[in-house]
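[1] All I have is the shape, not the residue letters:
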């Protein structure tokens, strides 16, 4: 419908809305938008009702707003929930009236939820459906007959709300569980849901509903004059911030939308007026503030619930909590003496731990470390009042720690260490983080605690991530994870926990956080008077906390010289063991994409090799030459029945030494069968294709599930320059992700290429995928399939990956001739895209370089591929001109 | 504009509807249909040779959406409909030349 045919009221409403949206984008922010938009909508209904006056005669009725509109919380894309309420049965004119009121809104493209009901119908509907029940808690008069509205609200207050509030609470608790499962904890998400995520606006709404119900019962708790007025004020402040962000999100994404997707985060930060600070991007400053507030909203809701429950007469016992960790261990009754607690100035009641009554503020501040130590030991959380007091006295604690670092400071840090190592509630450290206790003990921690990285890799701000890593270490100590077996062997496990506590403390200082963090850790530990050995180990851990993962995923783990250098860097088995545990805990705490079974197998392999090397001083069980002899003998034994002696010896003779050293004899035997199959296939092809053109592009492909997940693909073919490129391209075309690859050329020009790949998309019909891959390799090798074209087409497809924050940066290309004696290492880090490995291999092939090994590691939406290459003449590439050409060619291809 | 046709398990309809609403889709058409794909219905072997293919009950959801949100819709549908088992269904996407809202005569994106 064109604007001209809209009624006057709607035209004015549209103008008002546009004005408001422009204001929002121009930085006129704040919750004012939400209420102004509601006022403009109210004005529309009043005017429109006047325009429809002839339909509004007869039976008395009222217009009322419910839901978000009822709360006067409208965002640009919010829907409008409006009720037409009649005192008695609906008159015939009701339908006409509804049309007159709502059709212009639809024609403006707004989403309208409407109902036309009698008071009785409203009540019975609300009694049968808690969603409707909740919406009535936000009921607000708009226009029409006030007595009709008053009747409905009186009957709701008197009859419905009191009788059903218990059931409603139970329903809410269930709904929150479902919310947690579907939307997750917003304060710990990369793309949080501002409304439904735990810690989102919904938490604030629920508190509002409960207060409204308490009010209906005549209980004063609802009116904000009670003991939790302070928290209530805080919650309101957070909610208004979230509402503003949501409004901006609606405008930026040009639709109703509650999930803060990556693509909108930078724009939203800009509109909200954030700017870069202390080396952090504007968007990172914004996200840090947002996530911290959402975590607090969740904590506040959990703190307020028991109080509101009590106000509703439901009692605290029934207070459901979506976070079971905070209540775990509560029934752990008092076998450990309350007298002991009292001696420390603490007391325990059913609500949780608290200070003894009558403690001065100074005394309370000084007892905070003991309080948390007791909480962790007994598995009893602090009660709500005490948590608040801790927040208040945390500055005194910081004062004591700073004033006497060697005495009080160290004792407090040791109390924190005890909590890191043993925590029956599994949540004490989280509360110490939230209340600022950790930052008070180590002021350097305050700087990084809320730091957020804008990428798809780091899920948590640094503070939360650190606590998470420490939690993982505790689990490893309890036997969880692949490296749990080294835990009991550690000489001083507390050093490992300290390493975890400090590992990211150097973040946000402009790069090189491991090195900078090591210096900060040293400073702090010296200040606290730790022994030199402790300090040295912790500094080592912080400095090297990325080392194992980085080397394992990007280097040849069979390169003896490199291994010897790394072993020297470790210095001892104890340090290596601590480092591998820290690597594991750090990765798991980072986010779901930071650890995979593949990475685990690589890190395990590296750990095992270094351990053997350090412990025994030897790399392999045998010397290389004897290893080759042994491998040959083993293969002879395995293949004696299948191959005539002469053929077997000839094939063994053709094997390159690196192949015999690196590949297990069982695999070599399997490869021999494949090579034989290849010979037969080539002979057959030559027979079928006349004119000497047969045999081209023939390849044998073997696909086996790998023991730690994913597949091992082995390709046997005759040497062709583009074979590696073709394989990489075909796999990309079939959505198969390569994590590593190696190529061996035999003396008779046969080639074995082995790829370790992630599961194909269709794991149920993997064989079909591999059959297609096999065909595609042949087609690509014989000129029937253009990989360049197909991959470009795939990249432009509808479902091609959305650009993440990492895509803005160009590729980083590094060439390293020192890392290996035999190969030049080419490391490319670039935004993830379909066929990245293919593109790089393509350039290398163009420049006549042979790829011997490739390793790919993903960190979020950036990929790091490391290629071990040699020139066709079999030597490293040391010619400067050639290296420059290589860099330029790579940069050109990857930025295309 | 794109037309998205989804053929999937009947009990997934509500999830898909919710997911699409979250992305901003305002209307859809749902039809009960029968068919088979790799799932092939229940096969029965009789005397080692005979088998029978049952048509399984499925639903077909049709929506027409703006180009800008097509990718979001497809992701939302995939996430909502996936169980990982055979029989999750398929999504077909095709281009739509024109849309007209009959009541008002609006065309293009504003008529969706």
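    Yep, that arrived. It should be emphasised that the depicted structure is a prediction, and the values quoted were computed from it without experimental measurement.
[2] Checking the residue of the stretch 251-400 of chain A found nearest chain B next. Helix, strand or coil?
    For the stretch 251-400 of chain A, the residue positioned closest to chain B under CB to the nearest CB is residue A:255, at a distance of 4.3 Å. Where you see a C-beta, it was placed from the backbone N, CA and C, and this is true even at glycine. Under the three-state scheme (DSSP: H, G, I helix; E, B strand; the rest coil), residue A:255 adopts coil.
[3] Just give me the longest helix of the chain.
    Using chain A. If you go by DSSP state H, chain A has its longest helix at helix A:282-311.
[4] wait, chain B
    Looking only at chain B and at elements set by DSSP H, the helix with the highest residue count is helix B:67-81.
[5] what helices or strands is the first helix or strand past that one going along the chain leaning on?
    Using DSSP states H and E, the helix or strand that follows helix B:67-81 towards the C-terminus is strand B:90-95. The elements that strand B:90-95 packs onto, with contact taken as 3 or more CB pairs under 8 Å, 6 or more residues apart in numbering or on different chains; DSSP states H and E, are strand B:2-8, helix B:67-81.
[6] So which of those is nearest chain A?
    Across the helices and strands packed on strand B:90-95, the minimum distance to chain A, taken as CB to the nearest CB, is reached by helix B:67-81, at 5.5 Å.
[7] low pLDDT regions in chain B?
    B:39-53 (pLDDT under 70).
[8] One more pass at 90, please.
    Under the criterion of pLDDT under 90, the regions of chain B flagged as low confidence span B:21-24, B:26, B:34-57, B:67-69, B:71-72, B:83-88, B:101-112.
[9] Just give me the longest strand of it.
    Within chain B, and with DSSP state E defining each element, the longest strand by residue count is strand B:56-65.
[10] Relative to that one, what are the paired strands and their orientations?
    If you go by DSSP bridges, strand B:56-65 pairs up with strand B:2-8 (antiparallel), strand B:29-35 (antiparallel).
[11] Give me the angle between it and helix B:67-81.
    Going by axes from the mean of the first three to the mean of the last three CA atoms, to 10 degrees, strand B:56-65 is angled at 160 degrees with respect to helix B:67-81.
[12] what about the strands in chain A?
    Taking DSSP E to define them, one finds strands in chain A at A:61-65, A:80-86, A:112-118, A:140-144, A:346-349, A:352-355, A:699-705, A:711-718, A:738-745, A:750-757, A:812-816, A:824-831, A:849-859, A:862-871.
[13] Make a markdown table from those strands and add distance to residue A:549 to it.
    Compiled in a markdown table, the strands of chain A are given as follows (distance: least, CB to CB, whole Å):
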| stretch | distance to residue A:549 |
| --- | --- |
| strand A:61-65 | 54 |
| strand A:80-86 | 51 |
| strand A:112-118 | 51 |
| strand A:140-144 | 55 |
| strand A:346-349 | 42 |
| strand A:352-355 | 39 |
| strand A:699-705 | 25 |
| strand A:711-718 | 22 |
| strand A:738-745 | 14 |
| strand A:750-757 | 17 |
| strand A:812-816 | 18 |
| strand A:824-831 | 15 |
| strand A:849-859 | 8 |
| strand A:862-871 | 11 |
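[14] looking at these, which is buried most?
    Counting by mean count of other CB atoms under 10 Å in any protein chain shown, strand A:61-65 has the highest mean neighbour count of the strands of chain A, with a mean of 24.
[15] What helices and strands are in contact with it?
    helix A:32-51, strand A:80-86, helix A:94-107, strand A:140-144, helix A:146-155.
[16] Tell me, how many residues neighbour residue 21?
    All of this is about chain A. Other residues within reach of residue A:21, judged by other CB atoms under 10 Å in any protein chain shown, total 16.
[17] wrong chain, I was asking about chain B
    Counted by other CB under 10 Å, the residues lying close to residue B:21 total 15.
[18] Tell me how far it lies from residue A:79.
    In this structure, residue B:21 lies at 10 Å from residue A:79, with CB to CB, to the nearest Å as the measure.
[19] show me what contacts the residue nearest to the spatial centre of chain B?
    When CA atoms, centre = their mean is applied to chain B, the residue found nearest the centroid is residue B:6 (1.3 Å). Under the criterion of CB atoms under 8 Å, 6 or more residues apart in numbering or on different chains, the neighbours of residue B:6 are B:16, B:60-62, B:77, B:81, B:89-92.
[20] how much space is there between the closest residue to residue A:503 other than its chain neighbours and chain B?
    Computed as CB to CB, 6 or more residues apart in numbering or on different chains, the closest residue to residue A:503 that is not its neighbour in sequence is residue A:545, at 4.6 Å. Counting by CB to the nearest CB, to the nearest Å, the separation of residue A:545 from chain B is 34 Å.
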